[in-house]
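K.L.:
turn this into a model:
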Amino acid sequence: MDAAWLNPEEWTCSEGVQEVLLESRKSSTRLTYLAKWTRFSRWASERGISPLRSSIEAVLDYLLHLRNQGLAYSSIRVHLAAISAFHLLIQGQMVFSHDMMVRFLKGLERLFPQDLLKDFLYKREKGELLIQKSKRLKNNLLKQMQLSVSKDGFVHFGDTVMLLSPENNKSPTENYPAACGNLTLAVNPDDITVHTSESLQVPCGLSAVKSVNPVGRNAFRILSVEGNSMGEPIRFGQNFGLGATGGFTDQMLYLASDHKSFMRFAKKSYLQQVFLTDELSYLTCWQATFLDPQLRLEYEGFPVPANTKVLITHCHTNRGLAVPRNYWIRSYFGKEYEVICHTYLDSHKAEEDKNYWIIVTANPSDDGITMFDRPKPPSEETREREKNELYAGT
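P.N.:
Predicted coordinates:
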């Protein structure tokens, strides 16, 4: 570990804590800061100044030196951030937040407003403005997605599907104040990410939304975690992963969960939380379980049917993916519902409908988008009645 990245107070922490503190900055940021700090150290050494213990006046002289060399205001701030990362505290303050430094930066803004305009035009041309990044993220999250078509009626590795929590059978009065209707599992980035990033950041949250149209937010890919070939049907009791791209082609996050702790739990229900991470591990393994507990063992190893109610269980914690429906959260996209990992059992020790899920695939015909939109075939009684009415009319 490089001592320059840690201040004296941080060096009193344990080695494990120091490693975590060092990872607070990305490797690319550390490389950039190191280059800027090397340049400042060279400038200070030429003038007989200690780079680590220089005065605030010396740092201001260096920044003014950079401005006289033609550096833009944004570049000067990067140099200042690098110096502040390495430099010792000055009068108990970091270099970046020192009172004199704040006044100096305000003065630069007023003396050289053309730098701000140049910086704005440059970022706009490169697509680096926050509003441009935010727009790209939202466009991808809401982009129309094409689900996979199941030719044999089963779910396969590599399929792009929706995970739908079907409408329960309770009456609105009994279900009050819970949400009625069908809900789909969806990516739910925090507001800061939506407004400042152009891609999904980890850890990323999830929620249940009322939209049943496949978009970047609620489309998931069935992944193999045990080396199974793509295209093979997944089976009851077999491990698989669930990946979310958020509409991006170069990014994949994985559905994960872990035991709740004092620091990690669902914000509304305080139960086991569900989140998205960027690496596959034992926390990202799931299994499909047959709905009827009396036939569960008999169906072990059979292919999982698509567009049919099943249970989705987290392998590590043995808890079911669930939507309680009475805990709603406020997101950038509006009112949505909390998704957790918890097995709800009724008086007969059978899972409740909060744990029911339908793995939805695409409709091969042109009549609808998904198989869930496809009209249900008439029952035997309905067909018999229509047949009798037809004969009676003739």
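
K.L.:
pLDDT at W5, what is it?
P.N.:
Note for W5: predicted pLDDT of 62.

K.L.:
just L130 next, same as before
P.N.:
As predicted, L130 sits at a pLDDT of 65.

K.L.:
next: K106.
P.N.:
pLDDT, read off for K106, is 87.

K.L.:
and the contacts of the helix or strand containing T38?
P.N.:
Applying DSSP states H and E as the criterion places T38 in helix 27-46. By Cβ atoms under 8 Å, 6 or more residues apart in numbering, the residues outside helix 27-46 that reach it are 4-5, 25, 50-51, 54, 58, 62, 65, 78-79, 81-83, 85-86. C-beta: built from backbone N, CA, C; applies to glycine.

K.L.:
swap the cut-off to 6 Å and go again
P.N.:
By Cβ atoms under 6 Å, 6 or more residues apart in numbering, the residues outside helix 27-46 that reach it are P51, S54, Y62, H79, A82, I83, A85, F86.

K.L.:
where's S74, which helix or strand?
P.N.:
helix 73-86.

K.L.:
may I see the buried residues of stretch 140-156?
P.N.:
Within stretch 140-156, the residues that qualify as buried are N140, L141, M145, L147, S148, S150, F154, V155, H156, counting by 16 or more other Cβ atoms under 10 Å.

K.L.:
revised request: answer the last question for stretch 345-365.
P.N.:
Those would be E351, D353, K354, N355, Y356, W357, I358, I359, V360, T361, A362, N363, for stretch 345-365 by 16+ other Cβ under 10 Å.

K.L.:
do you know the pLDDT at the closest residue to the second one other than its chain neighbours?
P.N.:
Right, D353. Nearest residue to D353, sequence neighbours excluded (Cβ to Cβ, 6 or more residues apart in numbering): N168, at 4.2 Å. Note for N168: predicted pLDDT of 75.

K.L.:
my guess is N168 contacts N355. True?
P.N.:
No. In this structure N168 lies outside contact range of N355 using Cβ atoms under 6 Å: 10.8 Å.

K.L.:
which ones among the buried residues of stretch 140-156 map onto strands?
P.N.:
Assignment to strands by DSSP state E places none of the buried residues of stretch 140-156 there.

K.L.:
among those, which are in helices?
P.N.:
Counting by DSSP state H, the buried residues of stretch 140-156 place N140, L141 in helices.

K.L.:
and of the buried residues of stretch 140-156, the nearest to Q238?
P.N.:
Distances from Q238 to these, taken as Cβ to Cβ, are shortest for V155 (10.7 Å).

K.L.:
go ahead and confirm the closest one touches A306.
P.N.:
Yes. Look at V155 against A306 with Cβ under 6 Å: they come within range, at 5.0 Å.

K.L.:
tell me the phi and psi of V360?
P.N.:
phi -90, psi 130 (degrees, to the nearest 10).

K.L.:
read off the pLDDT value for it.
P.N.:
Note on V360: pLDDT of 93.

K.L.:
residue contacts, the nearest residue to it once chain neighbours are set aside?
P.N.:
Using Cβ to Cβ, 6+ apart and skipping the chain neighbours, the partner closest in space to V360 is M162 (4.2 Å). Taking Cβ under 6 Å, 6+ apart, we find M162 in contact with T184, P214, N218, V360.

K.L.:
one step back: what sits up against the next helix or strand after the helix holding T38?
P.N.:
Downstream of helix 27-46, the first helix or strand assigned by DSSP H and E is helix 56-68. Contacts to helix 56-68, defined as Cβ under 6 Å, 6+ apart, come from residues F40, W43, I49, I76, I90, V95, H98, M100, F104.

K.L.:
try it again at 8 Å.
P.N.:
Taking Cβ under 8 Å, 6+ apart as the rule, helix 56-68 contacts 40, 43-44, 47, 49, 75-76, 79-80, 83, 87, 90-91, 95, 98, 100-101, 104, 108, 112.

K.L.:
are any of those residues buried, and which?
P.N.:
Here, 16+ other Cβ under 10 Å leaves 40, 43-44, 49, 76, 79-80, 83, 87, 90, 95, 98, 101, 104, 108 buried among the contacts of helix 56-68.

K.L.:
in which helix or strand would I find G241?
P.N.:
strand 241-244.

K.L.:
could you measure from the most centrally placed residue in the chain over to S257?
P.N.:
Among the residues of the chain, C204 comes closest to the average C-alpha position under Cα atoms, centre = their mean, at 2.7 Å. Per Cβ to Cβ, to the nearest Å, C204 is found 13 Å from S257.
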